[in-house]
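Visitor: Turn this into a structure:
(one chain, ligands or ions: 1)
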Amino acid sequence: MNKPYFLTLLIVLLPLVTLFAEDGSQLWLRYQRVAPAVSQQRTIVTKSTDETAKLAVQELADYWVGQDVELKLDAQQKQLKDGFHIQGDSKRITVIAQQPIGLLYGAYRLLQWQQTGKNTADKIELTEIPSFDIRMLNHWDNLDRTVERGYAGHSLWLWDELPHQLSPRYEQYARANASVGINAVVLNNVNASPQILTPSYIHKVKALADLFRRYGIKVYLSANFSSPIVLGGLPDSDPLRPEVQGWWAAKVTEIYAQIPDFGGFLIKANSEGQPGPQDYGRSHAEGANMLADAVKPFGGMIMWRAFVYNPTSEDRAKQAYTEFEPLDGQFRDNVIVQIKNGAIDFQPREPFHPLFGAMKQSNQMVEFQITQEYLGFSNHLVYLAPLFKETLDADTYAHGPVSTVAKMTDGTFRPGFKTAIAGVANIGEDANWTGHHFAQANWYAYGRLAWNHQLSSEDIAEEWIRLSFTNEEAFVAPVKDLMLASRETAVNYMMPLGLHHIFAFDHHYGPEPWGDVAGGRPDWMPWYYHNADVNGVGFDRTASGSNAVAQYHEPVQQQYSDPKTCPETLLLWFHHLPWLHKTQNGNTLWDELCFRYDGGVQEAEAFENTWDQLEKYVDTERFAEVQAKLKIQAQDAVWWKDAVLLYFQTFSNLPIPSSVEKPVHQLEDLQKIKLDLKHHN
Ligand code: BDP
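Guide: Below you'll find the predicted structure:
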């Protein structure tokens, strides 16, 4: 073939290849552009001249194949907040909102219905008002484009190109967020570089904020508490020093001059070596309030994290409560205390954080981790909606029964205050955004639950599957079952019965229950958490141990205190029990552990089989990529099971039940594994 001919062929074929490439980049937004003939048959109108309202019209004009749609702003309908009301019949649908963004959310709801096969020709009438005001993604992205705990490639933010060049992915990202109702993003890592607040970075941030605005997304930044020292040359960052307050006031004014709707700051202070007010003998409240006062005139917010713990003899699980509970009532009304779902750190399963029941006079919000730091990175398929729901639905009893974490944070008990929820993003520059095609479901599910925490994991999974793959029942049903089972499966092969933090040091991929790093912090070591010895295993957090149970209200406290009433899923979180302790089904603890690990392995292997049978419903590219990842997951499950059982067996001295698949590894070999995975911060 001579060259010019070959080149012409390439030029002709390339656009086709790009058109049909199924790399997952379209996420759950796989709408087909309507043919001109269709678009002439119906009208999509709004009287609003607002950019966001016009965008809503555009989206429907491009993709809606149904009846006429009118998008109507009605400023009187305050109760709608940024939600919408949709009413209509076979001829015409009206979307009513009091804010333009509500029209865009309504437009995306219509497109979602269309794509999932919902009948919109019948009479419809429904109202959606979001559960939380601020529905936020926290990016742990560094300015050098590494992503702390990110498993989907480098950061999306091309800082070197900003503010002049705007990657097309910024807008795709904003659209995806808006389509599920996410309206706030923190662009940079909580372990924040002070540089983000320099004038040149503020210009870059402004470029993104300008682009996101049309999609209803506000930009926030993580700020380093020492910024006045590093950038301002002040001798300290004492929040009570007038020069420090003045520095922040000036910085905030500079930011708002560029970004009038800037959201505010997310702060990690006096945590894991980050600077904070305690460096100057001041409290978290004094630090937070100083910043809150600086942003208050502009309507800004401060998200102040409660993720604090020190290498003391005090149980790590108790420390955030010990520090923050006495401060309840001292925070300004534009501060929200951001609390991880559990008291340790995004484990496969944790009981809900006791602070949710303790800070009745403060605004508080949940922080979830969407990125799978402790759940097999982007190699394992773990659908996280059940984990999110488990926390949101947990009852704190702070105001009597049905004081769930959702209600403690959604304004039910503190009407009139701003409410929020955060998820640590799993997004990077990979073509499919999240590394694993199914990890997109976790971004989606987080957004949907932030919008409406009453949705079920099942309904969200079904929506996502239909939007991202197909409406074929023969695909939807088994994939939904697989997704719904996947979190429990991962718990079983990693850390069943309340075990936690027995991961490999630092990077947290894979098992290392024997892990011990000379001179390392005890609270980063697996033995600190599992306490395995010849007598048994588990962390005694009852009155005879660290008494962390006392941080929960009754009747939760009592329930957790007694191994007979403690949910078995949390047994070893709260109790150190003998290997021969009888579990609820009559098995010994040792046997039950063996069965759970084995069950986890079998389930992970079954996922592979399920997927293999679905080949005809999926494009080749995504089919093969998911298949390859499921294989890794099943192999990792065996690795986990063998590592933990063989290691614990050196203490229990008990045989692995004969019905359990024998370990295929030797403990000595597993103990030699050292993965060269870098953790960036
Ligand atoms: C832990 C991560 C660490 C984060 C920290 C945090 O291991 O990389 O910096 O949480 O949330 O989960 O601040």
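Visitor: contacts and neighbour counts: CA atoms only from here.
Guide: Will do.
Visitor: what comes up buried for stretch 81-97?
Guide: Residues 81-88, 92-97 are the ones in stretch 81-97 that count as buried (16 or more other Cα atoms under 10 Å).
Visitor: Start and end of that stretch, how far apart?
Guide: 8 Å (Cα to Cα, to the nearest Å).
Visitor: per-residue confidence averaged over that stretch?
Guide: The pLDDT scores in stretch 81-97 average 97.
Visitor: Not counting the host helix or strand of residue 220 itself, show me its contacts.
Guide: Residue 220 is part of strand 218-222, with elements assigned from DSSP states H and E. Applying Cα atoms under 8 Å, 6 or more residues apart in numbering, the contact partners of strand 218-222 are 183-192, 196, 205, 208-209, 212, 261-268.
Visitor: which ones are touching the nearest residue to residue 89 once chain neighbours are set aside?
Guide: Spatial nearest neighbour of residue 89, chain neighbours left out: residue 123 (4.3 Å); criterion: Cα to Cα, 6 or more residues apart in numbering. Listed by Cα under 8 Å, 6+ apart, the contact set of residue 123 reads 87-90.
Visitor: Please repeat the previous calculation with a cut-off of 10 Å.
Guide: Neighbouring residues of residue 123 by Cα atoms under 10 Å, 6 or more residues apart in numbering: 87-93.
Visitor: Closest one of the residues you listed to residue 526?
Guide: The nearest member of those to residue 526, counting by Cα to Cα, is residue 87 at 55.3 Å.
Visitor: Quick one: residues contacting that closest one.
Guide: With contact taken as Cα under 10 Å, 6+ apart, residue 87 is in contact with 69, 93-96, 123-127.
Visitor: Just after the one helix or strand it maps to, pick out the following helix or strand.
Guide: Taking DSSP H and E as the criterion, residue 87 maps to strand 84-88. The first helix or strand that comes after strand 84-88 along the chain, using DSSP H and E, is strand 92-97.
Visitor: which neighbours does that next one have in its sheet, and in what orientation?
Guide: Using DSSP bridges, the strands paired with strand 92-97 are strand 68-73 (parallel), strand 84-88 (antiparallel).
Visitor: export the ones you listed to a markdown table and tack on distance to residue 536?
Guide: Output for the strands paired with strand 92-97, formatted as a markdown table (distance: least, Cα to Cα, whole Å):
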| stretch | distance to residue 536 |
| --- | --- |
| strand 68-73 | 64 |
| strand 84-88 | 55 |
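Visitor: Out of these, flag the one nearest residue 422.
Guide: Closest to residue 422 of these, according to Cα to Cα: strand 84-88, at 22.2 Å.
Visitor: Just checking the distance from that closest one to the centre of its chain.
Guide: Offset of strand 84-88 from its chain centre (Cα atoms, centre = their mean, to the nearest Å): 30 Å.
Visitor: Then stretch 110-126?
Guide: Centre to centre, stretch against its chain (Cα atoms, centre = their mean), the figure for stretch 110-126 is 28 Å.
Visitor: ditto for stretch 435-444
Guide: The answer for stretch 435-444 is 11 Å, by Cα atoms, centre = their mean.
Visitor: Straight-line length of it, end to end?
Guide: 14 Å.
Visitor: picking up where we left off before, direction included, what does the strand holding residue 220 pair up with?
Guide: Within its sheet, strand 218-222 is paired with strand 184-186 (parallel), strand 264-267 (parallel), according to DSSP bridges.
Visitor: now, of those, which is deepest in the fold?
Guide: Mean neighbour count (mean count of other Cα atoms under 10 Å) peaks for strand 264-267 among the strands paired with strand 218-222, with a mean of 27.
Visitor: average model confidence for the following helix or strand past it?
Guide: Per DSSP H and E, the first helix or strand lying C-terminal to strand 264-267 is helix 284-295. If you average the pLDDT over helix 284-295, you get 98.
Visitor: Alpha carbons only: can I get helix 284-295 in CSV?
Guide: This file holds the C-alpha atoms of helix 284-295, laid out as CSV (Å, rounded to 0.1, in the frame of the first residue of the first chain):
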residue,chain,number,x,y,z
HIS,A,284,-10.3,23.9,66.5
ALA,A,285,-13.2,26.2,67.0
GLU,A,286,-11.0,29.3,67.3
GLY,A,287,-9.2,28.2,64.1
ALA,A,288,-12.4,27.6,62.2
ASN,A,289,-14.1,30.7,63.4
MET,A,290,-11.2,32.9,62.4
LEU,A,291,-11.6,31.7,58.8
ALA,A,292,-15.3,31.7,59.0
ASP,A,293,-15.2,35.4,59.9
ALA,A,294,-13.0,36.1,56.9
VAL,A,295,-15.4,34.5,54.4
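Visitor: mind checking how far the helix or strand following that helix is from the chain centre?
Guide: Remark: after helix 284-295, the chain's next helix or strand is strand 301-305, criterion DSSP H and E. Relative to the centre of its chain, strand 301-305 is centred 17 Å away, using Cα atoms, centre = their mean.
Visitor: Given strand 301-305, what are its sheet partners and their directions?
Guide: Note on strand 301-305: by DSSP bridges, its sheet partners are strand 264-267 (parallel), strand 335-340 (parallel).
Visitor: one step back: just the contacts of residue 87 now: which is nearest residue 498?
Guide: Using Cα to Cα, the contacts of residue 87 come closest to residue 498 at residue 127, 39.9 Å.
Visitor: re earlier: nearest to residue 152, of the strands paired with strand 218-222?
Guide: Among those, strand 184-186 sits nearest to residue 152 (Cα to Cα), with 17.7 Å.
Visitor: So what touches that closest one?
Guide: For strand 184-186, using Cα under 10 Å, 6+ apart, the contacting residues are 133-141, 174, 177-178, 209, 212, 216-222, 262-266, 420-425.
Visitor: Ok, stretch 39-52 next?
Guide: So stretch 39-52 is contacted by 33, 53-54, 56-73, 91-95, 99-104, 213-216 (Cα under 10 Å, 6+ apart).
Visitor: swap the cut-off to 6 Å and go again
Guide: Residues outside stretch 39-52 that contact it (Cα atoms under 6 Å, 6 or more residues apart in numbering): 67-71, 100, 214.
Visitor: and it, which residues are buried?
Guide: 39, 42-46, 52.
Visitor: Filter those residues down to the ones in helices?
Guide: 39, 52 (DSSP state H).
Visitor: Looking at the buried residues of stretch 39-52, which one is closest to residue 581?
Guide: residue 52 (60.8 Å).
Visitor: show me the contacts for residue 355.
Guide: Contact analysis of residue 355 by Cα under 6 Å, 6+ apart lists residue 321.
Visitor: did I read that right, it in a helix?
Guide: Yes: membership of residue 355 in a helix is supported by DSSP: H, G, I helix; E, B strand; the rest coil.
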